[in-house]
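> With the sequence up front, the predicted model follows.
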Amino acid sequence: MSPYQKFEEYNIEVQEDVKARYKSIIADLGEDVDREGIVKTPERAAKAMMYLTSGYDVDASEILRGAMFKEDYNEMVIVKNIELYSLCEHHLLPFFGKAHIAYIPNGHIVGLSKIPRIVDVFARRLQVQERLTHNILECINQTLKPQGVAVVIEASHMCMMMRGVQKQNSTTTTSGFRGQFENNETRNEFLKLISNDLS
Ligand SMILES: Nc1nc2c(ncn2[C@@H]2O[C@H](COP(=O)(O)OP(=O)(O)OP(=O)(O)O)[C@@H](O)[C@H]2O)c(=O)[nH]1
Ligand SMILES: [Zn+2]
């Protein structure tokens, strides 16, 4: 049996387990689990939740390493307005928003699509926005070893909107800077270039 087959079987086993637990949760919440519209819901919810947390099984640095190209370009590269959807680890409710990411190459550039890809890898886990920001920052810094890297995330948290404090318009901004972006001039140039995209 290949390791891949083993992984598939493991996933089916986990899915069955999650499905059974959802069925019991839905019943506890007061629903009729045999009702037509609901009967397949435990399976749908299990698949959805497993998709939304599928980032645990993915090595983000391997994604970056797969598309690093030698290039003598020493200016800032910015990929901005990367939409992201994650789950808050406290309430299992979504938080969603945008990431703006910049790096200054140090002999290697990276395939542009790989930056949103690693955002997704870290977003598809139970997260807090601060750790999500750091995960992305450190992954780029340690894998690409650029002259500098910057990450800014702006997000709205459903756990603050639908329940709890119930604030509909607040957004949370987190950021991280390494290397040349720790220098005020470079950091300000980046912040200026994304300023129209910040709320
Ligand atoms: N720092 C941080 N806090 C978060 C994030 N997502 C949710 N939270 C907060 O996590 C906290 C959990 O606080 P608790 O007091 O344990 O939970 P709670 O009683 O449900 O809190 P309320 O949301 O205030 O009703 C809340 O203040 C949430 O707003 C995040 O990404 N970062
Ligand atoms: Zn929350």
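Sure thing, it's come through. Residues are numbered from 1 along each chain as shown. Ligands and ions are numbered 1, 2, ... in the order given.

> where does the chain have low pLDDT?
Counting by pLDDT under 70, the ranges of the chain that qualify are 1-7.

> which parts of the longest helix anywhere in it are buried?
Criterion DSSP state H: the longest helix present in the chain is helix 3-28. Neighbour-count burial for helix 3-28 flags 18-19, 22-23, 26 (criterion: 16 or more other CB atoms under 10 Å). Glycine gets a C-beta too; all of them are placed from N, C-alpha and C.

> Repeat that for stretch 138-152.
Within stretch 138-152, the residues scored as buried using 16+ other CB under 10 Å are 138-141, 143-144, 146-152.

> Make JSON lines out of these and add secondary structure.
JSON lines is the format used below for those (DSSP: H, G, I helix; E, B strand; the rest coil):
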{"residue": "E138", "secondary structure": "helix"}
{"residue": "C139", "secondary structure": "helix"}
{"residue": "I140", "secondary structure": "helix"}
{"residue": "N141", "secondary structure": "helix"}
{"residue": "T143", "secondary structure": "helix"}
{"residue": "L144", "secondary structure": "helix"}
{"residue": "P146", "secondary structure": "coil"}
{"residue": "Q147", "secondary structure": "coil"}
{"residue": "G148", "secondary structure": "strand"}
{"residue": "V149", "secondary structure": "strand"}
{"residue": "A150", "secondary structure": "strand"}
{"residue": "V151", "secondary structure": "strand"}
{"residue": "V152", "secondary structure": "strand"}
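
> which ones are touching Q180?
Shown in contact with Q180 (CB atoms under 8 Å, 6 or more residues apart in numbering): 104, 147-148, 186.

> Quick check: what element follows the longest helix of the chain along the chain?
helix 41-52 (DSSP states H and E).

> tell me the angle of that next one relative to helix 3-28?
130 degrees (axes from the mean of the first three to the mean of the last three CA atoms, to 10 degrees).

> immediately after helix 41-52, which helix or strand?
Next along from helix 41-52, by DSSP H and E: helix 60-65.

> Output the contacting helices and strands for that following helix.
Applying 3 or more CB pairs under 8 Å, 6 or more residues apart in numbering; DSSP states H and E, one finds that helix 60-65 contacts helix 114-123, helix 129-144.

> Now it: buried residues?
By 16+ other CB under 10 Å, the buried positions in helix 60-65 come out as 60, 63-64.

> and if you look at stretch 81-90?
82, 84, 86-88.

> Between these, which sits nearest R44?
Distance to R44 across those (CB to CB) is lowest for L87, with 16.5 Å.

> Now that closest one: which helix or strand?
Counting by DSSP H and E, L87 is part of strand 77-88.

> Adjacent strands (with direction) for the helix or strand following that strand?
Downstream of strand 77-88, the next assigned helix or strand under DSSP H and E is strand 94-104. Sheet pairing of strand 94-104 (DSSP bridges) gives strand 77-88 (antiparallel), strand 148-157 (antiparallel).
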